[in-house]
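Peer 1: Sequence first, then the predicted structure:
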Amino acid sequence: MRIIFTSDTHGHVFPINYATNSHENSGLFGIAAQMKGEKEKDGNTLVIDGGDSLQGTPLLAYYLSHMDEYELNPMAEGFNAMGLDCYTLGNHDFNFGYEAIRDFAKAMKATLVCANVTDKKGDLGIKKHIVKTLEDGTRVGITGAVTSYVNVWEQKKNLVNFEIADPVAVLKDELAELKGQCDITVCIYHGGFEEDMTTGDKLSESDENQACRIARELDFDIILTGHQHLPIEGIFLDGTFGVQPPDKAMRYCVIDADYVGDSDEKVLKGSTRTSGGWSVVSYLIPVEKEYADFDKIQAENPGLKEMNEKLQVWLDEPIGSLEEEILPEKKLDVALKGSRVAAIFNQVQLELTGADFSCTSLSNEPLGLHKDITVRDVLGIYQFANTEEVKEMTKADLRAALERSAEYYDYDETTGEVKISEAFLQPKVEHYNYDIYAGLWYEFDIRRPVGDRVVVMRKLDGTELSDDETYTLVTSNYRATGTGGYSSIGKAKTIRTYPDEMPDLVIDFVRRNSPVGNICNNKFKCIY
């Protein structure tokens with residue numbers, strides 16, 4: 001038996017980096033062409049996806065705002081070209097509400113398997129589990145689940161027609177149903193490993209990622225994980241074999257399993273025997289640049305090719321300018337000196353809401369802006385459909401949030417060298433969990449211990465923040481949940497919400513304020 005597994009493809013259908021309009025070795029069409037070129041799928045192969053498909057590229061942003069104009073779904077076209085058999089939902093698939101998921105599910109030829117999601121309308125055709133019989137007679141029992149942290153992160157309006165339960169309890173019930181019906185059990189889990197796979201250290205006390213618990217408490221033969229974007233070629237936990245591909249459809253997992261029972265004679269080199277008696281070995285396969293079938297696959301999807309061409313025209317639409325180009329800002333430089341890109345984001349949020357303070361974060365890649373700005377530039381620097389929330393915060397709440405950002409630095413007392421803390425780099429790169437503030441005069445002394453690095457907290461006019469007053473902080477709906485270690489923000493009272501998505505707000509801001517000058521909306525100093 002062979003499984004080909006993708007996850008967290010995040011809108012990557014074509015091998016295109018839309019921010020730079022250049023070729024990139026990625027995309028569902030690239031995987032489909034490679035699979036056909038290598039003849040990787042036969043009657044004993046299943047193709048499976050682990051979710052987070054509907055967000056991440058301008059192609060999806062464009063499609064979701066022009067759905068009524070098209071009779072095809074770009075992600076479904078890509079997965080259908082791969083011959084996908086089944087898939088589950090990821091947390092980002094809920095970002096655009098019920099209609100976006102229904103449009104996707106209706107266009108998919110594969111079966112949607114997500115046991116812990118209840119569809120109140122009943123239009124999505126969600127199965128709690130399925131049993132697929134392969135050409136050689138092997139019965140494969142498959143169930144799936146998404147992290148229950150969707151309930152924490154997602155806007156309530158997008159979950160009106162869903163109930164999302166704890167995945168562990170639900171998966172236990174589904175596994176019991178599958179026992180006796182199949183020869184091998186597979187769990188598709190849109191969540192990751194809550195422990196460091198090298199040291200065994202616990203990464204978080206939250207239930208965002210529970211793959212280790214699922215492997216230890218249940219006895220699936222194979223668990224296909226996602227969400228963390230980690231390249232995990234294969235690990236073995238208490239009789240369960242697990243994998244995880246990185247994001248953006250740049251690599252996919254190939255898992256080969258042979259039934260050996262209790263015998264060692266047929267165990268493959270480098271493989272591990274599951275508790276069910278299956279010898280399993282896996283590989284992470286990179287997407288290659290050229291495959292002969294790629295042009296043929298594109299030709300079979302003329303509507304999608306036309307959509308992509310219209311998208312490129314839209315992306316190149318001029319919207320305004322800067323007085324001075326912003327060169328790509330290195331991550332450590334941003335943390336030590338501030339960010340002109342973040343200043344724009346914060347200014348947009350402050351002007352929209354009138355809050356006292358604003359905080360924003362940046363994506364993992366170094367970001368800059370050309371002097372002449374297009375839609376492509378904005379969508380390249382702000383890739384998420386985040387909305388805005390205003391929180392009521394005390395001085396203590398703000399200090400706790402600032403101290404979390406101050407954990408970003410690693411300071412060597414002997415050499416005076418400053419680096420980015422491993423806590424933001426391992427096991428997953430999380431530069432996006434470093435927040436930058438506006439409307440605030442604040443200083444970090446990173447020579448001091450973690451948790452005691454905030455040494456100045458004032459308004460821009462120099463007034464000290466008061467222990468007895470409350471303040472308003474605008475942030476993204478993502479950060480408003482407390483995600484990323486910002487529990488003081490998550491626990492704070494939400495006093496206003498706004499439906500506008502940040503990319504649209506930034507585009508509007510640039511149009512109204514061009515040429516945009518250098519924005520100075522905070523006073524920040526990092527002492528070391």
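Peer 2: Received the coordinates, thanks.
Peer 1: got the contact list for the residue most central in space within the chain?
Peer 2: Compute the mean C-alpha point of the chain, and by C-alpha atoms, centre = their mean the closest residue is H227, 6.1 Å away. H227 makes contacts with 7-8, 50-52, 90-91, 147, 190-192, 208-209, as judged by C-beta atoms under 8 Å, 6 or more residues apart in numbering. To be clear about C-beta, it is placed using only N, CA and C from the backbone, and glycine gets the same treatment.
Peer 1: 10 Å - rerun?
Peer 2: H227 is in contact with 7-8, 50-52, 90-92, 146-147, 149, 189-193, 208-209, 211, 244, 247, 428, counting by C-beta atoms under 10 Å, 6 or more residues apart in numbering.
Peer 1: Could I get the CA-only coordinates of stretch 145-164 as CSV?
Peer 2: Extracted as CSV, the C-alpha positions of stretch 145-164 are listed here (Å, rounded to 0.1, in the frame of the first residue of the first chain):
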residue,chain,number,x,y,z
ALA,A,145,-10.0,15.6,12.5
VAL,A,146,-9.0,19.3,12.8
THR,A,147,-7.4,21.0,15.8
SER,A,148,-10.2,22.2,18.1
TYR,A,149,-8.3,25.5,18.4
VAL,A,150,-10.5,26.6,15.5
ASN,A,151,-12.9,27.4,18.2
VAL,A,152,-10.4,29.8,19.8
TRP,A,153,-9.0,31.5,16.6
GLU,A,154,-11.9,31.7,14.2
GLN,A,155,-14.5,34.5,14.1
LYS,A,156,-17.8,33.4,15.5
LYS,A,157,-19.7,34.4,12.4
ASN,A,158,-17.7,31.8,10.4
LEU,A,159,-18.6,29.0,12.8
VAL,A,160,-22.3,29.5,13.0
ASN,A,161,-23.0,26.4,11.0
PHE,A,162,-20.4,24.2,12.6
GLU,A,163,-19.7,22.4,15.8
ILE,A,164,-16.1,21.4,16.4
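Peer 1: Check which residues of it are buried.
Peer 2: Of the residues in stretch 145-164, those scored as buried under the neighbour-count criterion (16 or more other C-beta atoms under 10 Å) are 145-151, 153-155, 158-159, 161-162, 164.
Peer 1: likewise stretch 284-297?
Peer 2: So stretch 284-297, judged by 16+ other C-beta under 10 Å, has buried residues 284-285, 287, 291, 293-294, 297.
Peer 1: which one of the residues you listed is nearest E329?
Peer 2: Set against E329, the nearest of the buried residues of stretch 284-297 by C-beta to C-beta is V287 (28.9 Å).
Peer 1: neighbours of the nearest residue to Q155 once chain neighbours are set aside, just the number please.
Peer 2: Setting aside the residues directly before and after it, Q155 is nearest to N477 in space (C-beta to C-beta, 6 or more residues apart in numbering), at 5.9 Å. Neighbouring residues of N477 were enumerated by other C-beta atoms under 10 Å; the total is 23.
Peer 1: what do you get for the one 3 residues further on?
Peer 2: A480 is surrounded by 24 other residues when neighbours are defined as other C-beta under 10 Å.
Peer 1: For L367, see how far away it is.
Peer 2: For A480, the distance to L367 (C-beta to C-beta, to the nearest Å) stands at 22 Å.
Peer 1: what do you get for P328?
Peer 2: To L367, P328 is 6 Å away according to C-beta to C-beta.
Peer 1: Between these two, which contacts overlap?
Peer 2: In the contact map built from C-beta under 10 Å, 6+ apart, the residues linked to both P328 and L367 are 341, 381.
Peer 1: Next up, the contacts around R496.
Peer 2: Under the criterion of C-beta under 10 Å, 6+ apart, the contact partners of R496 comprise 353-355, 388-392, 472, 474.
Peer 1: Just the element for E177, please.
Peer 2: Using DSSP states H and E, E177 maps to helix 167-178.
Peer 1: So in that sheet, which strands flank the very next helix or strand once past that helix, and in what orientation?
Peer 2: Proceeding C-terminally, helix 167-178 gives way to strand 184-190 as the next helix or strand, assigned by DSSP H and E. Each strand that strand 184-190 pairs with, and the sense of that pairing, follows from DSSP bridges: strand 139-146 (parallel), strand 222-225 (parallel).
Peer 1: list the buried ones in strand 184-190?
Peer 2: For strand 184-190, a neighbour-count test (16+ other C-beta under 10 Å) marks 184-190 as buried.
Peer 1: cool, stretch 393-410 as well?
Peer 2: Using 16+ other C-beta under 10 Å as the test for burial, stretch 393-410 gives 393-395, 397-410.
Peer 1: quick one: that stretch to chain centroid distance?
Peer 2: Centre-to-centre, stretch 393-410 and its host chain are 24 Å apart (C-alpha atoms, centre = their mean, to the nearest Å).
Peer 1: Same question for stretch 429-444.
Peer 2: 21 Å.
Peer 1: If you average the pLDDT over it, what comes out?
Peer 2: pLDDT averaged over stretch 429-444 equals 97, rounded to a whole number.
Peer 1: what about it, how long is it end to end?
Peer 2: Counting by C-alpha to C-alpha, to the nearest Å, the length from the leading to the trailing residue of stretch 429-444 is 22 Å.
Peer 1: buried residues in it?
Peer 2: Of the residues in stretch 429-444, those buried by neighbour count under the rule 16+ other C-beta under 10 Å are 430-444.
Peer 1: Could you do stretch 203-214 as well?
Peer 2: For stretch 203-214, the neighbour count (16+ other C-beta under 10 Å) marks 203, 207-214 as buried.
Peer 1: Same check on stretch 91-110?
Peer 2: Within stretch 91-110, the residues scored as buried using 16+ other C-beta under 10 Å are 91-98, 100-105, 107-108, 110.
Peer 1: can you give me the offset of the helix or strand where G320 lies from its chain's centre?
Peer 2: Here G320, judged by DSSP H and E, is contained in strand 318-321. Chain-centre distance of strand 318-321: 29 Å, with C-alpha atoms, centre = their mean.
Peer 1: elements contacting it?
Peer 2: Contacts defined by 3 or more C-beta pairs under 10 Å, 6 or more residues apart in numbering; DSSP states H and E place strand 318-321 against strand 372-374, helix 375-381, helix 502-513.
Peer 1: The first one pairs with which strands, and in what direction?
Peer 2: Based on DSSP bridges, the strands next to strand 372-374 in the sheet, each with its direction, are strand 318-321 (antiparallel).
Peer 1: The strand it pairs with: what's the following helix or strand?
Peer 2: Next in sequence after strand 318-321, counting helices and strands by DSSP H and E, comes strand 326-329.
Peer 1: Give me the residues contacting that next one.
Peer 2: Contacting residues not belonging to strand 326-329 are listed as 337-344, 362, 365-371, 381, 516, 518 [C-beta under 10 Å, 6+ apart].
Peer 1: Just the mean pLDDT for that strand, thanks.
Peer 2: 96.
Peer 1: go on, stretch 122-141?
Peer 2: Stretch 122-141 shows a mean pLDDT of 97.
Peer 1: Over to stretch 389-403?
Peer 2: If you average the per-residue pLDDT over stretch 389-403, you get 97.
Peer 1: got the end-to-end distance for it?
Peer 2: When the termini of stretch 389-403 are compared using C-alpha to C-alpha, they are 21 Å apart.
Peer 1: How about stretch 24-31?
Peer 2: Span of stretch 24-31 from end to end, C-alpha to C-alpha: 12 Å.
Peer 1: Buried residues, that stretch. List them.
Peer 2: When burial is assessed from 16+ other C-beta under 10 Å, stretch 24-31 yields the following buried residues: 24, 26-31.
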